[in-house]
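Engineer: I would like to see how this sequence folds:
(chains A, B, C and D, ligands or ions: 6)
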4 protein chains.
Amino acid sequence: MTPTTGVWFVGARGSVATTATVGALALRDGIAGPGGGTGCVAELPEVAAARLPDVGELLIGGHDVSGTSLPKRAEMLAQGGVLPARLPEVLAGELAEVDARLRPGAGPATDATQREAADRIEADLRAFQAEHRLRRVIVVDVSSTEPPLAEDPRLDSLAALERALDAGEAPLPPSSLYAYAAFRAGCPVVAFTPSPGPRVPAVAELARERGLPWAGSDGKTGETLLKSMLAPLFTMRALRVRSWSSTNLLGGGDGQTLADPASAASKTVSKARGLESMLGHPVDGPLHIDYVPDLGDWKTAWDHVSFEGFLGVRMSLQFTWAGCDSALAAPLVLDLVRLTARAQEAGETGPLAALGFFFKDPAGSDEHRLPAQWDALTAWCARLGAEGAA
Amino acid sequence: MTPTTGVWFVGARGSVATTATVGALALRDGIAGPGGGTGCVAELPEVAAARLPDVGELLIGGHDVSGTSLPKRAEMLAQGGVLPARLPEVLAGELAEVDARLRPGAGPATDATQREAADRIEADLRAFQAEHRLRRVIVVDVSSTEPPLAEDPRLDSLAALERALDAGEAPLPPSSLYAYAAFRAGCPVVAFTPSPGPRVPAVAELARERGLPWAGSDGKTGETLLKSMLAPLFTMRALRVRSWSSTNLLGGGDGQTLADPASAASKTVSKARGLESMLGHPVDGPLHIDYVPDLGDWKTAWDHVSFEGFLGVRMSLQFTWAGCDSALAAPLVLDLVRLTARAQEAGETGPLAALGFFFKDPAGSDEHRLPAQWDALTAWCARLGAEGAA
Amino acid sequence: MTPTTGVWFVGARGSVATTATVGALALRDGIAGPGGGTGCVAELPEVAAARLPDVGELLIGGHDVSGTSLPKRAEMLAQGGVLPARLPEVLAGELAEVDARLRPGAGPATDATQREAADRIEADLRAFQAEHRLRRVIVVDVSSTEPPLAEDPRLDSLAALERALDAGEAPLPPSSLYAYAAFRAGCPVVAFTPSPGPRVPAVAELARERGLPWAGSDGKTGETLLKSMLAPLFTMRALRVRSWSSTNLLGGGDGQTLADPASAASKTVSKARGLESMLGHPVDGPLHIDYVPDLGDWKTAWDHVSFEGFLGVRMSLQFTWAGCDSALAAPLVLDLVRLTARAQEAGETGPLAALGFFFKDPAGSDEHRLPAQWDALTAWCARLGAEGAA
Amino acid sequence: MTPTTGVWFVGARGSVATTATVGALALRDGIAGPGGGTGCVAELPEVAAARLPDVGELLIGGHDVSGTSLPKRAEMLAQGGVLPARLPEVLAGELAEVDARLRPGAGPATDATQREAADRIEADLRAFQAEHRLRRVIVVDVSSTEPPLAEDPRLDSLAALERALDAGEAPLPPSSLYAYAAFRAGCPVVAFTPSPGPRVPAVAELARERGLPWAGSDGKTGETLLKSMLAPLFTMRALRVRSWSSTNLLGGGDGQTLADPASAASKTVSKARGLESMLGHPVDGPLHIDYVPDLGDWKTAWDHVSFEGFLGVRMSLQFTWAGCDSALAAPLVLDLVRLTARAQEAGETGPLAALGFFFKDPAGSDEHRLPAQWDALTAWCARLGAEGAA
Ligand SMILES: NC(=O)c1ccc[n+]([C@@H]2O[C@H](COP(=O)([O-])OP(=O)(O)OC[C@H]3O[C@@H](n4cnc5c(N)ncnc54)[C@H](O)[C@@H]3O)[C@@H](O)[C@H]2O)c1
Ligand SMILES: NC(=O)c1ccc[n+]([C@@H]2O[C@H](COP(=O)([O-])OP(=O)(O)OC[C@H]3O[C@@H](n4cnc5c(N)ncnc54)[C@H](O)[C@@H]3O)[C@@H](O)[C@H]2O)c1
Ligand SMILES: NC(=O)c1ccc[n+]([C@@H]2O[C@H](COP(=O)([O-])OP(=O)(O)OC[C@H]3O[C@@H](n4cnc5c(N)ncnc54)[C@H](O)[C@@H]3O)[C@@H](O)[C@H]2O)c1
Ligand SMILES: NC(=O)c1ccc[n+]([C@@H]2O[C@H](COP(=O)([O-])OP(=O)(O)OC[C@H]3O[C@@H](n4cnc5c(N)ncnc54)[C@H](O)[C@@H]3O)[C@@H](O)[C@H]2O)c1
Ligand code: NA
Ligand code: NA
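Structural biologist: Ligands and ions are numbered 1, 2, ... in the order given. Just a heads-up that it's a prediction; the model follows:
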């Protein structure tokens, strides 16, 4: 199958990107095994109805600041049980090919000015698209989570931002720098992390100006996914949630980043936002994200929900989720690429509210309940499918 | 508020009926306290839209074979923490009034023939309606679970059944005898237990013939409720469930009945039916219901779900549900009475598929997924509301 | 039974003290019901062997800074399910009698100088003993947890402390002030909280000087209790614990105090100390104590232990503990009073290492493993019993 | 290191035996990796004190009725995550050598009479010992669990048994046939399964007559291990256990065998026996063992303990154990071989009560509490060590 759609990972050597890359290659080559495509929402008939590009049509490139090669990262993930042992071996050559397409990411000290960094990223994207004659390139942020952003008037409008960049200033957090460069290169963006990325007003304005769609933010893969399914259970049954306490234990690169309280703040904010909205009232209870290196890519989350029923009787529900974060995230990343590519093809612009199903903090929507998000997603897919057919 | 709608409990002195009775009285008198009406789905705007009779309009009567009075049962439930301590005291007089309206149930040896028993039950229902000038009476089966029914040609058609009854035979299990008598008295039926009740073809035929609606069966209050919410999570996310193991520990009268393997069979069948239907394939794993007297009305369920994601990675979810069964069931029983009364008023007949939301084994429907059941319920309510308004 | 042994609660109107008081009265009056004395270690034959004073011989007094009366506190605890509903009613008169024996506690602003406060507390204790002709009075600290103590040379020796007090300074945290006054009054001390209390070197020196025994600190009632039983399981089986993560959710007065990070610090330090000591190496994993008001006196703790077995295979154990903190603590408090009284009678002085069984942070001992602590306790009791018999 | 001690596995190609074999070889060759010997109780100083033969001195042989070769079984276990992926490869040659020493097991149809089967087994054992000039051979039963035994007077005394065998009858279950042959060959026996084995009176009599030690039965590796640690927690704290409910989910060969209710009966009996003995009173609650093929060698057990504390307050503890059964069992099997070899050397005979620490159903002892079993084990080891030194 000739590649038609480029995938450009920011954080291309991270766990999520590596798992997605290995999976995409294995699916393309037909060696993913039975259950290989499990977790790919885009393969469900209600979503496939949108007439999406095939996984085999994707071509992967990206940026990263890490020097560990993709084949090496894949091996490490196999050792941790995230990938089947045989795949990194079988795909070693193809992974090396992808690795050769990766470009140095933009860190604090990599470029003289942020303007130069943006120009370089834009050039990398244009070169990638031209060299491989791709119809379009989707930029996906799967790099390390950044701390929340302080107020900054230079980010309030595109004009203010351009002035600051012209003045040699560096007002953009890396995720927003990538999004800015992506939009300038004509590429839609998928913000899979809780980092500011395309949400910054100046950058979102740029997307609008260029007529580009984007999706975000913060992939919903574990405990929040469950919350978004269980909270509606309580509301549909008119039961009153009194407290909802959450503990997340995780190792891996992401765990390490989140061990920094500043970065974790992005995550907890993005996780907490939904619960109150779904229940219709604030709800007590801690939300912890803890780095436990020992657990590797395996996240264990424990939630304790105390609720009240008829005549005030108190009851409780607790669950333990033992999930492999990257294995949960990777198929969604591929889904999002295919859906966002289709959205661009169909002329959609701005935040893609219909993709809220995939995110903890859905851009363009206030809906956090998974069933309602599913309805919105599949209605949108049906519409795109009908249009495509026209 | 003048009573307009009768509620006739079969099993009127059981935990569920007693909790529902205390709750209905407390709500009518405005002494249920904050959170008193929690768990009443009919109070949610999307359901109330159907223009339902008020809880205060309900008048309660019933049958039971137990001699323990309603005030006494209420006290016992308060001791077990199912009811607030103060209510049985405050409502002692009103409970005694309801108790005075209860009639002896039909057991193996209470009536000379099943025909006579049916006639007596029918007469009790007609007398109740007439004496209190009720617009309608809804019969609700909340009596002890019966074993599954063996094939019996006498139950295959109404004609065959009538012949058998005329011949002095006793082919009906008690739950179906009550349903038969109810339909003859012109009363809709709510089958809150997994017992055969109105599902028996001959009895269902009678409902059709008389143009009466009925709802069932087996109230969905605990682990199955969670299953019906979590199974769709897996299918929406294209994750493959490999095994789903369930253990239910419960005491109370219901637990005691289910300690009898024959009765438990009804329950496990009705619980298992849904999972395969929701997941689209059979799924491994035991389903236990265990009688642990120590736990009283508090049911503790543990479920372990093993599932597979991208590239075959195995993960798991487990939950523990600690719920008070009667407190979960009672508000649903009141909801069902109000909804079924409204259905009759609106001229609906036969099994009410739109009420599948409330049941483990929904009559008239194959849909077990809670979100879809919610959509069906609220669409129906909206339609009834619109009709009512016309 | 004539009272022989005084119990002086610091924090006499708190949950633990109130539960212990109600329980002691109920046991004395023979109205505790079957299972009333459950949780009283001193009733086990191996401990009773020490020839302890009977619960019926105890007379209760104390200090508190709260104005809520003991009968009122008892009622509140009954409402929260900590005490049987009937006891506060039945014991209302006797609780009022105890309440009348309570004296105002020492707070930041209650006494002109710390010297005066100490004198007042000492006088209260002497008056209590004299008025009721008690053989001895045991002072038990069950007041709110204090923050950890900063280094202070004035607390390093008794001489330095006396100088500071004479100079009108206030170097003692409240718990140590009470302990200081208690020792001056000739009373042994039980430090049931993690507060500094008698551990402060100057105060411990005073105990030695006066030949008084004391026991502490921080009652081991919940998750730490389980840890002290499960950690030896892993060491006895040569399994290597890789991480041990703990989340504690609790409401109640204690939860509220611990919501203050400064106070919680005392607790987490005292909880963490043991694990490393029992496993023989440091172990990863967070330890959270969270205030969830909704849970009242009911603490829910979740622990996740990841461990390694043969050839490096990884496994896990997780547990959820749902305990009523005050109900777990109260019988231990009574046990400790009786054991400490017996220790004083037997002439023991200084920290009572043999009582480490009861504490998270055992004074006078480095042994945290519950089985070994049990062996030490029962050996000590056997010895005291033999002496007593002599 | 020259082999001195033979290990003869009955069920040599099963999961437990294969894991133990791979582990023993890896430890001998020094390639087990850090943490390789984890789980070997015999390496703890308190046990090693007995002066045990080294793992490197063991030489492995055995019987099995399965045709799947040991190297193949090892590979399958590696795929299931029970063994590190690299070991089966590295040890392929040595595993083939062990495989060459395995002899056909005795099944219903393998030998003309049971007498002949016994003779053949005895000959196999003598040949193994002679060929490799081993000081002694320990026979370890790790074959499939058998159903409980019906009463049979032919098994009540050795004389009766010999008569029956001479008459061409087949009164012995396989496990007891192996034990009988082992004792005749002068070999001690370790009964790691719950099967009757050496417990049958006639066979135990033979051991006594020949002056041979044996140990059993049913290795304590998972939920029962936890029970034997947690039940003493409740008794030491004078808390009353009201119910203890257990669910065990397991796949693997053992799971498959136990899916047969007859075989499972052996296991549940052996598991239940201890709890009542430790708590001092019967205790309610189900005990399930369920075959869930999907889980492979990974057992997940959930236990729910409801208990009562001071003044009758009800609390609960629940735990989930996710263990790899064979990885837990294998090091104990090696421990038992070394300890039983040492016992024989030291002249011990009959059931080895001091090894109760390792078993669900300890032969020669009524002690089920792990701490007390540990004390007994280590005291015995100290004594053996002292003797050995003499
Ligand atoms: N896995 C999930 O379930 C999940 C769910 C939601 C969100 N996320 C988010 O996805 C992101 C990736 O997660 P992960 O587990 O792969 O983390 P990871 O730490 O393994 O990978 C992050 C990668 O980003 C690279 N990186 C860091 N700064 C960069 C920069 N300035 N430019 C380019 N690359 C840079 C790092 O070198 C690393 O390779 C995280 O932000 C995480 O919070 C993951
Ligand atoms: N509580 C829940 O969450 C829930 C959910 C679904 C279904 N249910 C079903 O509801 C039913 C009632 O549950 P419960 O907890 O109240 O049980 P219960 O044992 O407390 O009450 C059953 C009552 O039925 C009476 N009864 C028995 N046979 C009768 C007969 N022939 N005629 C009249 N009365 C008779 C009994 O005397 C008793 O009073 C059970 O079948 C149960 O399975 C309960
Ligand atoms: N309950 C348990 O399982 C447990 C276990 C170990 C330790 N503890 C410790 O026991 C203590 C009591 O716990 P609780 O649940 O009863 O708490 P609580 O908040 O209910 O009671 C504390 C009492 O101390 C009083 N107090 C505060 N400062 C005082 C002062 N300066 N002088 C005299 N009284 C004072 C308060 O007014 C209150 O009545 C806490 O420190 C807690 O950490 C409890
Ligand atoms: N793994 C644990 O934690 C644990 C704990 C306690 C007891 N056990 C017991 O150990 C035994 C082995 O467990 P496993 O997981 O290895 O089971 P498995 O099914 O993998 O192995 C059993 C082996 O015994 C062989 N066998 C069957 N009948 C035989 C016979 N008559 N003669 C010779 N060999 C025969 C089978 O062919 C198979 O290879 C089981 O009885 C199990 O209950 C295991
Ligand atoms: Na949003
Ligand atoms: Na149906």
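
Engineer: can you list the weak-confidence ranges in the stretch 251-390 of chain A?
Structural biologist: Residues of the stretch 251-390 of chain A meeting the criterion pLDDT under 70: A:270-271, A:388-390.

Engineer: at 90 instead, please
Structural biologist: Within the stretch 251-390 of chain A, the segments meeting pLDDT under 90 span A:251-274, A:297-298, A:387-390.

Engineer: just the strands in it please.
Structural biologist: In the stretch 251-390 of chain A, the strands defined using DSSP state E, counting those that start in this stretch lie at A:287-291, A:298-308, A:314-324, A:350-351.

Engineer: Which one, of these, ends up nearest to ligand 3?
Structural biologist: The minimum distance between ligand 3 and the strands of the stretch 251-390 of chain A falls on strand A:298-308, with 18.7 Å, by C-beta to the nearest ligand atom. For the C-beta atoms, the positions are set from N, CA and C on the backbone; glycine is no exception.

Engineer: Kindly format the C-alpha coordinates of the closest one as PDB.
Structural biologist: Taking C-alpha atoms only, strand A:298-308 is exported to PDB below (Å, rounded to 0.1, in the frame of the first residue of the first chain):
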ATOM      1  CA  TRP A 298       2.000  -0.900  33.900                       C
ATOM      2  CA  LYS A 299      -0.300   1.400  35.700                       C
ATOM      3  CA  THR A 300      -2.300   0.400  38.700                       C
ATOM      4  CA  ALA A 301      -5.100   2.600  39.700                       C
ATOM      5  CA  TRP A 302      -7.400   2.200  42.700                       C
ATOM      6  CA  ASP A 303     -10.500   4.200  43.000                       C
ATOM      7  CA  HIS A 304     -12.900   4.300  45.900                       C
ATOM      8  CA  VAL A 305     -16.300   5.800  45.400                       C
ATOM      9  CA  SER A 306     -18.600   6.400  48.300                       C
ATOM     10  CA  PHE A 307     -22.200   7.000  47.400                       C
ATOM     11  CA  GLU A 308     -25.600   7.400  48.800                       C
END
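
Engineer: Might you report the residue contacts of A:L77?
Structural biologist: By C-beta atoms under 8 Å, 6 or more residues apart in numbering or on different chains, the residues touching A:L77 are A:15, A:18-19, A:22, A:83, A:88, A:297, A:326.

Engineer: do that again at 6 Å, thanks
Structural biologist: Taking C-beta atoms under 6 Å, 6 or more residues apart in numbering or on different chains, we find A:L77 in contact with A:18, A:83.

Engineer: thinking again about what came up before, from the strands of the stretch 251-390 of chain A, which stretch is densest packed?
Structural biologist: The highest mean neighbour count among the strands of the stretch 251-390 of chain A, using mean count of other C-beta atoms under 10 Å in any protein chain shown, belongs to strand A:298-308: a mean of 24.

Engineer: out of the strands of the stretch 251-390 of chain A, nearest to C:G274?
Structural biologist: With C-beta to C-beta as the criterion, C:G274 lies closest to strand A:287-291 of those, at 19.9 Å.

Engineer: Ligand 4: which of the strands of the stretch 251-390 of chain A is closest?
Structural biologist: Ligand 4 sits nearest to strand A:314-324 of all those, at 21.1 Å, using C-beta to the nearest ligand atom.

Engineer: Are that closest one and ligand 1 in contact anywhere?
Structural biologist: No: on the criterion C-beta under 6 Å from any ligand atom, strand A:314-324 is out of touch with ligand 1, staying 7.8 Å away.

Engineer: hmm, that strand in reach of chain D?
Structural biologist: No: Strand A:314-324 does not reach chain D (C-beta under 6 Å from any C-beta of the partner chain); its nearest approach is 7.1 Å.

Engineer: which other residues reach that strand?
Structural biologist: Against strand A:314-324 from outside (C-beta under 6 Å, 6+ apart): A:82, A:222-223, A:297-309, B:313, B:315-324.

Engineer: Compute the distance between the closest residue to A:H288 other than its chain neighbours and C:T224, please.
Structural biologist: Leaving aside its sequence neighbours, A:H288 sits nearest to A:T247 (C-beta to C-beta, 6 or more residues apart in numbering or on different chains; 4.7 Å). Using C-beta to C-beta, to the nearest Å, one obtains 18 Å as the distance from A:T247 to C:T224.

Engineer: Which residue ranges make up each domain of chain A?
Structural biologist: With the TED database as the criterion, the domains of chain A are listed as A:5-218+A:327-388, A:222-324.
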